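**Q** Quick check, what structure comes out for this input:
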Amino acid sequence: MTNVLRAVVDELTSDPSNAWARELGYRPVWAGSPAARIAIIGQAPGWRAQESGIPWDDASGVRLRSWLGVRDEEFYDPALFAIVPMDFYFPGKGKTGDLPPRKDFAPRWHPRLFAAMPDITLRVLIGAYAQRFYLANRAKANLTQTVQSYGEYLPAEFPLVHPSPLNYGWHAKNSWFTAEVVPELARQVSISLGRG
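**A** Alright, predicted model coming up:
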């Protein structure tokens, strides 16, 4: 990590808006380096990732790495992948799942972090929060339509549904995703990593 990137993360960690996280002993859950080629942008770390400090360290992460066509050691190599969620801290539990990421976090910190990671050629946008922020008015009416229109956003961005095993109902209704989108995602990842 360069001094510039480290300085941004240190400032983020010590920011008064994150005092609650410091009091709980939480560290920001993210990964990256100036050499990173692909950014994984999801919602926010879950409780398990916050406790372990390892992003995507669960069944969803296993599935995501399968979709990307990469091994664990590649995914966790910050020279290849930057893992930059919409909020770097577990937001807490809501009535039907985790609470959403804070609205002001990504606008404040993402531009500075990505300015220090200039070699990123592909942003994988996982879920509605990342898609609405990065695609803005280019996003479709809903997540399914945005993911189905992935070709419109290439080669810079690739929208995805969350890889949670709990999304089995969505996958059952949208067989085109596994047949068409997953192979193209793996191909785009391979291109960004200089493999083809």
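**Q** Give me the phi and psi angles of the residue most central in space within the chain.
**A** Among the residues of the chain, residue 41 comes closest to the average C-alpha position under CA atoms, centre = their mean, at 2.0 Å. Note on residue 41: backbone dihedrals following degrees, to the nearest 10 are phi -120, psi 110.
**Q** Take stretch 157-167, keep the C-alpha atoms, and write them as CSV.
**A** In CSV, the C-alpha atoms belonging to stretch 157-167 read as follows (Å, rounded to 0.1, in the frame of the first residue of the first chain):
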residue,chain,number,x,y,z
GLU,A,157,-18.5,-1.9,-15.3
PHE,A,158,-20.3,-5.2,-14.7
PRO,A,159,-23.5,-5.3,-12.6
LEU,A,160,-24.3,-8.5,-10.7
VAL,A,161,-26.9,-9.9,-8.4
HIS,A,162,-25.6,-10.7,-4.9
PRO,A,163,-24.1,-14.2,-4.8
SER,A,164,-25.9,-15.2,-1.6
PRO,A,165,-27.2,-18.8,-1.6
LEU,A,166,-30.4,-17.3,-0.3
ASN,A,167,-31.1,-15.9,-3.8
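**Q** Quick check: buried residues in it?
**A** For stretch 157-167, a neighbour-count test (16 or more other CB atoms under 10 Å) marks 157-164 as buried. All C-beta spots, glycine's among them, are computed from the backbone N, C-alpha and C.
**Q** and it, what's its mean pLDDT?
**A** On average, the pLDDT along stretch 157-167 is 94.
**Q** Repeat that for stretch 44-58.
**A** pLDDT averaged over stretch 44-58 gives 93.
**Q** Which secondary structure state does residue 123 sit in?
**A** strand (DSSP: H, G, I helix; E, B strand; the rest coil).
**Q** what's the burial count for it?
**A** Close neighbours of residue 123, defined as other CB atoms under 10 Å, add up to 21.
**Q** Can you name the residues bridging to it?
**A** According to DSSP bridges, residue 39, residue 157 are recorded as the beta-bridge partners of residue 123.
**Q** re earlier: can you tell me which residues contact the residue nearest to the centre of the chain?
**A** Shown here is residue 41, whose contacts under the criterion CB atoms under 8 Å, 6 or more residues apart in numbering are 84-86, 123-126, 130, 134.
**Q** helix/strand/coil for the residue nearest to it when sequence neighbours are not counted?
**A** Spatially, and ignoring its direct neighbours in sequence, residue 41 is nearest to residue 130 (4.4 Å; CB to CB, 6 or more residues apart in numbering). In terms of secondary structure, residue 130 is helix; the call rests on three-state DSSP.
**Q** tally of neighbours for residue 130?
**A** Residue 130: 26 surrounding residues under other CB under 10 Å.
**Q** show me what contacts the residue of the chain positioned farthest from its centre?
**A** Of all residues in the chain, residue 23 sits farthest from the chain's C-alpha centroid, using CA atoms, centre = their mean; the distance is 25.3 Å. Residues counted as contacts of residue 23 (CB under 8 Å, 6+ apart): none.
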